[in-house]
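Novice: what's the 3D shape of this:
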Amino acid sequence: MLMTLCETGTRGLIAAVFGPAAKAESDYARELTSHLTPDMLLLADRAFDGNKLLDDIARQGAQFLVRCTSARRPPVLAMLPDGSYLTRIGGISLRVIEAEVQARTVDGSVFGGTYRLLTTLSAHRADPAAHLMRLYHERWEIETAYLALRHTLLRGRVLRSKDPVGIAQEMWGLLTIYQALRSVMVTAVETVPGCDPDRAGFTIALEAARDTVVSLTGRLPAAGPKTSSDLVGHIGTRVLRALLPRRRMRLSTRIVKSGISRYHTWNRDGRPRDSTPIAAIEITIHPPVRPGTEDQSQTPSRRWEQVCRILADSTNQAMHTRDIVRRLGLTTTRSISSLTAQLCYWTRNDRLIRTAPSTYKIPLREPLTPSSRP
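Specialist: Residues are numbered from 1 along each chain as shown. You can find the predicted model right below:
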């Protein structure tokens, strides 16, 4: 398993760790946190929203924008005008942005999903919620970096070494070649004002680098002053001659192209198999529903109302989870697990009190039964 810190602009690598796949991703990620600095903003997927990892990132002084799992429901401490809200997870004060992102293709089809982001950027005026949602999309740049490592450099093959020492040597050699090529590509692109590093082709740089080894092409002069073209070199010159077109907004299916992969049929939102241009992207920020502001037109069969009614019938005496399950008539393992998670969530948000393991009551001083007086 390989894990890296990657610059989203240049796709250069800041640091890398690798080792057995039996080790958790979060453990490898924590090894990389020491390379973060206060001038960095870390973008990370929802597998990296653990309390300990977020705390380690914050200790380095770096900011982060991390996607949060849908099962996690952080408490709402303060609402912000842009629809985001402040919360506290572990010992860190954070801002939460919940939004639905819809991409409309040129043929009229609409694809999208719901995102929940955690960030240390709490100033909603300096960093509006919609702006951060668009910024989070840049996290996919690391996928392009891994594409260059796995397919362009390795050409789809696996590592050839068969022992740990050989694998380590081969991995560091692979990463060194990748980083050297990226450095040359960025140096070349910086000579063109306003040119985005995205337009530099990694395949072109790699083929040019092979030419310098096979035919000794592109050697620097032995002595004398160096011109700008000399600093760009043979590889950079080849890259500048064949710059890629500007980034085009497009989408395609996320099916894994591997017959033995258990994800090879994963395409839940029905995305097109071919790359399709995007005509527009719509971002809708969803403010959280505060307790007590639910739609009164809905029937009182909501789980929270059912639990409140059960505790009220027992004069708010503490009840065990199994008794609540029995009163609700839940029988499947999935529904029982869902209720257990909800009880824990309500407890964290001070809507319930845990008086003993798996035993709860409502923290109300007033009677649960409505008053007969107006």
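Novice: so what does the spatially closest residue to Glu31 that is not a sequence neighbour look like in phi/psi?
Specialist: Leaving aside its sequence neighbours, Glu31 sits nearest to Val17 (CB to CB, 6 or more residues apart in numbering; 4.8 Å). The way it works is simple: take the backbone N, C-alpha and C, and place the C-beta from them, glycine included. Reported as degrees, to the nearest 10, the phi and psi values for Val17 are phi -140, psi 150.
Novice: hmm, Leu32 and Val17 touching each other?
Specialist: Yes - between Val17 and Leu32 there is a contact under CB atoms under 8 Å: 6.1 Å.
Novice: near the residue nearest to Glu31, how many other residues are there?
Specialist: 17 (other CB atoms under 10 Å).
Novice: so what's it up against?
Specialist: Val17 makes contacts with Leu2, Met3, Thr4, Tyr28, Glu31, Leu32, as judged by CB atoms under 8 Å, 6 or more residues apart in numbering.
Novice: farthest pair within those?
Specialist: For those, the maximum inter-member distance is 12.1 Å, found between Leu2 and Glu31 (CB to CB).
Novice: how near is the residue nearest to Glu31 to Thr4?
Specialist: When distance is defined by CB to CB, to the nearest Å, Val17 is 8 Å away from Thr4.
Novice: overlap in contacts, the two.
Specialist: Leu32.
Novice: wait, what's in contact with Ser275?
Specialist: Applying CB under 8 Å, 6+ apart, one finds that Ser275 lies in contact with Arg250, Leu251, Ser252.
Novice: hang on, isn't the first one packed against Asp274?
Specialist: Put plainly, it is Arg250. No - with contact defined as CB under 8 Å, Arg250 does not count as touching Asp274 (9.5 Å).
Novice: check the gap between Leu78 and Asn51 for me.
Specialist: Residue 78: Ala, not Leu. Applying CB to CB to Ala78 and Asn51 gives a distance of 20 Å.
Novice: I meant Ala145, not that one.
Specialist: 28 Å.
Novice: out of those two, which sits in the more crowded spot?
Specialist: Using other CB under 10 Å as the criterion, Ala145 and Asn51 rank with Ala145 on top: 20 against 11.
Novice: which parts of the top helix by length along the chain are buried?
Specialist: Criterion DSSP state H: the longest helix present in the chain is helix 164-189. Across helix 164-189, burial judged by 16 or more other CB atoms under 10 Å covers Met171, Leu174, Leu175, Tyr178, Leu181, Arg182, Val184, Met185, Val186, Ala188, Val189.
Novice: tell me how far it lies from the chain's centre.
Specialist: 25 Å (CA atoms, centre = their mean, to the nearest Å).
Novice: what residues do Val17 and Leu32 have in common as contacts?
Specialist: Contacts common to Val17 and Leu32, judged by CB under 8 Å, 6+ apart, are Met3, Thr4.
Novice: the helices in the stretch 151-300 of the chain, which residues?
Specialist: Here the stretch 151-300 of the chain has its helices, by DSSP state H, counting those that start in this stretch, at 164-189, 202-214, 228-241.
Novice: can I assume Leu65 is in contact with Arg46?
Specialist: No - look at Leu65 against Arg46 with CB under 8 Å: they stay out of range, at 11.8 Å.
Novice: so these two - more neighbours on which side?
Specialist: Leu65 (22 against 16).
Novice: what's the closest non-adjacent residue to that one?
Specialist: Thr119 (4.6 Å).
Novice: can you get me a residue count around that neighbour?
Specialist: Counted with other CB under 10 Å, Thr119 comes out at 23.
Novice: read off the pLDDT value for Thr369.
Specialist: Predicted confidence (pLDDT) for Thr369: 42.
Novice: ignore what I typed, I meant Glu305.
Specialist: Looking at Glu305, its pLDDT reads 77.
Novice: I'd like to know which elements the helix or strand where it lies is packed against.
Specialist: Here Glu305, judged by DSSP states H and E, is contained in helix 303-313. For helix 303-313, the packing partners by 3 or more CB pairs under 8 Å, 6 or more residues apart in numbering; DSSP states H and E come out as helix 321-328, helix 333-348.
Novice: again, only using 10 Å
Specialist: When contacts are defined as 3 or more CB pairs under 10 Å, 6 or more residues apart in numbering; DSSP states H and E, helix 303-313 packs onto strand 319-320, helix 321-328, helix 333-348, strand 359-361.
Novice: now stretch 141-149: buried residues?
Specialist: Applying 16+ other CB under 10 Å to stretch 141-149 flags Glu141, Ile142, Ala145, Ala148, Leu149 as buried.
Novice: typo on my end, stretch 71-86
Specialist: Buried-residue list, stretch 71-86, by 16+ other CB under 10 Å: Arg73, Pro74, Pro75, Val76, Leu80, Asp82, Gly83, Ser84, Tyr85, Leu86.
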